[in-house]
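S.K.: mind looking at a prediction? Sequence and model below.
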Amino acid sequence: MSIARKIKRALRGNVTLGAATLEAGRRARVALRLRRERARLEGVEKNGVAARARLARDFERMSDAELLAHFRARAAPRFFQGFDEAAEAVAREEARALSREEFTETLEEAREIVDRHAWPLLGYGVLEFGEQVDWLREPVSGARWPLEFHCDVRLTRGDGSDVRLLWELNRLGHLLTLARAYTLTRDETFAQEFFAQLESWRAQNPTGFGPNWACAMEVSLRALNLLASFQLLRRSPALDPRRLTALLALFDEHGRHVRRNLEFSYIATGNHYLSDVAGLLWLGVCLPELRDAAGWRAFALRELLREMDKQVLPDGADCEASTGYHRFVTELFLYSFILCRANGIEIDEAHWQKLRSMLEYVRAYLRPDRRAPLAGDTDNGRALALSRRAADEHAYLLAVGAALFREPRFKIEERAPEELFWLLGASGVETYARLETANANSASSKIFKDAGVCVLRANDLYLLLSASGAGLGGRGAHGHNDALSVEVAACGVSFVADPGTYVYTADTHARQLFRSTAFHSTVEIDMREQNTIAPDTPFLTGNEARPRILSFACEGNSERVAAVHQGYERLDAGAITHTRTIVFDKRRRFWIIEDDFRGAGAHRFDFRFHAAPGRECVVRDASTVEIADRASGARLLIASLSSIEGATLEPRHASRDYGSRVETVAARWTLRAPAPLRARWLLLPVCAGEDARARLELIERLSDFGF
């Protein structure tokens with residue numbers, strides 16, 4: 001890559017000269033530090049020096065046996081309440097958040113890990129890893145990474161491999177499944193398997209070498225899972241003095257590596273740096289026996305709160321233009337705040353309220369079916385693997401928030417999720433049970449101007465309009481080209497949905513498609529992208545579109561929102577500004593979309609609506625498409641009100657979980673016309689048992705609606 005291109009890439013988005021200057025100095029210091037780190041680690045490997053934890057003064061004089069006795073007996077620091085209560089609560093049948101089904105699933109999954117070395121990864125289902133797990137081998141493509149110094153590791157290789165999948169394996173979330181199963185049964189088989197796999201991992205991954213040390217975020221997330229597992233296994237007979245010594249050394253190495261290799265930048269920080277500081281905070285809080293723990297804790301708490309101020313927008317949304325990453329970031333803050341509270345670490349009220357605003361955002365964007373729209377990138381990332389969750393399951397966050405804030409509006413499901421028990425214990429479950437359950441359809445329409453999101457909803461009707469932009473201050477990383485796209489649900493059914501993500505680097509062509517304008521329910525002009533994207537930069541986007549919400553108004557049973565983007569002001573045939581206005585008639589149950597194109601020149605306009613997975617689509621006539629859910633009998637009719645004909649169905653894919661995809665279709669109308677241009681669309685839901693003919697007669701009387 002040329003120097004000019006590197007500079008342009010680094011300075012994309014909203015970057016001040018001062019930030020650029022500071023960043024240049026930081027990168028020079030990092031280069032020097034990496035040279036020193038390389039020399040030290042290569043010396044350690046060459047001389048075969050056994051790593052030992054650097055313990056605080058009161059603990060370094062203890063023998064290994066005394067240290068083990070200390071960890072088995074200690075009552076502080078505290079971890080999450082359910083971790084301390086689990087065994088007794090199960091024995092007394094008080095863990096009401098753990099249904100018999102969840103209890104059985106945990107044990108079955110743990111036995112599969114022990115018996116077959118098989119466990120689920122992301123959207124790939126259950127994978128088998130053989131008698132000896134190869135921690136450097138990506139399990140789907142079979143590609144294997146070398147043990148190079150961590151900053152030399154080539155993560156994107158162009159051979160069909162996916163380091164995201166390798167990293168998921170090495171986050172070691174499945175070891176927490178073993179630890180949970182041990183706690184629920186006291187079966188030492190699970191504890192023995194945990195330590196055997198951890199010793200295998202350590203032998204294959206010398207500190208600072210290979211792909212599993214190449215990203216500080218991954219080191220931090222692995223530390224979170226291991227800390228949680230250690231809390232559950234610290235009294236197991238399988239934990240002997242030798243294993244404790246090795247485990248403490250591993251924790252120390254993780255913390256020191258993260259502290260040396262923080263993913264900080266003066267230009268922008270995102271979920272990676274947040275994960276780094278969360279890992280340091282947890283290590284510092286949970287392991288005061290380590291010499292550096294106090295420093296990690298003080299530094300990380302300060303940075304965690306600073307990052308909340310930077311990364312969480314004023315209206316509560318994460319700054320990366322992705323609902324999937326909003327879930328992940330909310331977990332990091334939510335779990336970290338609970339851990340701090342359990343240990344008497346004060347967090348000011350303003351930051352607690354910002355955390356609450358993040359949950360309010362989740363409450364607003366969840367569909368009536370309690371599932372989340374998958375806007376922007378979604379890679380199923382979790383802060384802590386307390387249960388298996390699909391990428392669009394976000395409601396469990398609200399349940400934890402309901403008990404934490406005693407907020408009944410967040411309780412949209414009667415039964416408490418498993419996470420609530422592990423995080424807040426039996427008292428949290430009891431608090432949740434005492435709250436009145438809110439109707440999941442009781443949420444009202446809401447606008448989030450900072451996030452660029454508007455949700456128009458009433459009862460079972462739901463439409464989300466996205467004007468989120470590239471994300472991360474215009475730098476783009478996990479946002480898609482979905483400006484002015486819509487997601488639509490009605491009658492308890494998702495009809496028009498974002499296609500999701502599928503994969504990152506394993507298939508660069510698919511990566512390009514899933515984040516393209518043509519894969520979203522918006523308008524593509526002259527077959528161009530709203531923001532510039534390229535296959536060789538899978539995590540970069542341009543910032544040409546700059547969408548924003550113009551207005552939101554509510555009058556009686558009618559609501560109206562308008563948004564605009566500028567991504568087509570650079571077209572060769574003439575600049576175009578696209579404004580989309582949506583009118584929601586709550587009483588008569590429909591939406592009207594008006595697309596207004598201001599500008600000049602003749603253009604090709606492709607209007608698309610991407611059907612949700614599992615829906616059947618048919619072209620009813622030249623201007624009308626029906627999207628149907630055969631199981632319920634519900635339908636959504638999408639009709640042109642501007643005499644645009646030639647409706648067709650295009651083959652598409654959708655991905656509900658990272659690595660999985662299914663076939664679906666998009667309804668498309670193509671028009672070649674000069675600008676300025678205006679096009680109108682009717683979105684008309686027909687629930688099971690409704691008279692479709694009577695509903696369709698509305699199309700003939702739209703002039704009565706004052707649009």
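M.R.: Good, I have the coordinates. In this text the structure is predicted, and so the values were computed from the model without any measurement. Residues are numbered from 1 along each chain as shown.
S.K.: and residue 669, backbone torsions?
M.R.: Taking degrees, to the nearest 10, you get phi -120, psi 130 for the backbone angles of residue 669.
S.K.: ok, residue 358 next?
M.R.: With angles defined as degrees, to the nearest 10, residue 358 sits at phi -70, psi -40.
S.K.: quick check: it touching residue 314?
M.R.: No - assessed by C-beta atoms under 8 Å, residue 358 is found out of contact with residue 314, at 11.6 Å. C-betas here are computed from N, CA, C, even on glycine.
S.K.: now the helices: where do they sit in the stretch 501-650 of the chain?
M.R.: In the stretch 501-650 of the chain, the helices defined using DSSP state H, counting those that start in this stretch lie at 508-514.
S.K.: what about it, any weak spots by pLDDT?
M.R.: Within the stretch 501-650 of the chain, no stretch has pLDDT under 70.
S.K.: got the CA positions of the helix or strand hosting residue 664 in CSV?
M.R.: Assigned by DSSP states H and E, residue 664 belongs to strand 662-674. C-alpha atoms of strand 662-674 as CSV (Å, rounded to 0.1, in the frame of the first residue of the first chain):
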residue,chain,number,x,y,z
VAL,A,662,-30.2,-19.1,3.6
GLU,A,663,-31.8,-18.2,0.3
THR,A,664,-34.3,-15.5,0.1
VAL,A,665,-35.5,-12.9,-2.5
ALA,A,666,-35.8,-9.1,-2.9
ALA,A,667,-38.7,-7.5,-4.7
ARG,A,668,-37.3,-5.0,-7.3
TRP,A,669,-38.8,-2.3,-9.5
THR,A,670,-36.4,-0.7,-12.0
LEU,A,671,-37.1,2.7,-13.6
ARG,A,672,-35.0,4.7,-16.1
ALA,A,673,-36.1,8.3,-15.8
PRO,A,674,-34.7,11.9,-15.6
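S.K.: following element in sequence after it, please.
M.R.: Using DSSP H and E, the helix or strand that follows strand 662-674 in sequence is strand 677-686.
S.K.: buried residues, that following strand. List them.
M.R.: 677, 679, 680, 681, 682, 683, 684, 685, 686 (16 or more other C-beta atoms under 10 Å).
S.K.: so the third one touches residue 596, yeah?
M.R.: No - taking C-beta under 8 Å as the contact criterion, residue 680 and residue 596 are not neighbours in contact, 9.7 Å apart.
S.K.: count of residues packed around residue 675?
M.R.: By the criterion of other C-beta atoms under 10 Å, residue 675 has 22 neighbours.
S.K.: can you pull out the low-pLDDT segments for the protein?
M.R.: Looking at the chain by pLDDT under 70, you get 1-13, 45-50, 87-100, 698-707.
S.K.: how far away is residue 414 from residue 101?
M.R.: Applying C-beta to C-beta, to the nearest Å, the value for residue 414 to residue 101 is 15 Å.
S.K.: and residue 422, by the same measure?
M.R.: Noted for residue 422: a distance of 16 Å to residue 101, by C-beta to C-beta.
S.K.: which of the two has more residues huddled nearby?
M.R.: Comparing residue 422 with residue 101 by other C-beta under 10 Å, the one with more neighbours is residue 422, at 29 against 8.
S.K.: I'd say that one and residue 79 touch.
M.R.: No - contact criterion C-beta under 8 Å: residue 422 and residue 79 do not qualify, at 9.8 Å.
S.K.: before we move on, the earlier item: which one of residue 358 and residue 314 is surrounded by more residues?
M.R.: Ranked by neighbour count (other C-beta under 10 Å), residue 358 and residue 314 place residue 358 first, with 23 against 11.
S.K.: and that one, what is it in contact with?
M.R.: 312, 316, 317, 318, 326, 329, 330, 333, 334 (C-beta atoms under 8 Å, 6 or more residues apart in numbering).
S.K.: and if you look at residue 544?
M.R.: Counting by C-beta under 8 Å, 6+ apart, residue 544 makes contact with 530, 531, 532, 566, 567, 569, 570.
S.K.: buried only: go through these for me.
M.R.: Buried among the contacts of residue 544 (16+ other C-beta under 10 Å): 530, 531, 532, 566, 567, 569.
S.K.: save the residues you listed as CSV, and put in distance to residue 585 too.
M.R.: Below are the buried ones among the contacts of residue 544 laid out as CSV (distance: C-beta to C-beta, whole Å):
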residue, distance to residue 585
530, 29
531, 33
532, 38
566, 29
567, 29
569, 32
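S.K.: so which of those is the closest to residue 652?
M.R.: Comparing the buried ones among the contacts of residue 544 against residue 652 with C-beta to C-beta places residue 530 closest, at 17.7 Å.
S.K.: make sure that closest one is actually in contact with residue 479.
M.R.: No - assessed by C-beta under 8 Å, residue 530 is found out of contact with residue 479, at 10.5 Å.
S.K.: spatially nearest residue to residue 280 (excluding sequence neighbours)?
M.R.: Spatially, and ignoring its direct neighbours in sequence, residue 280 is nearest to residue 300 (3.9 Å; C-beta to C-beta, 6 or more residues apart in numbering).
S.K.: can you check residue 451 too?
M.R.: residue 317 (3.5 Å).
S.K.: so who does that neighbour touch?
M.R.: Applying C-beta under 8 Å, 6+ apart to residue 317 gives the contacts 326, 358, 361, 448, 450, 451, 453.
S.K.: many thanks, I have nothing further to ask.
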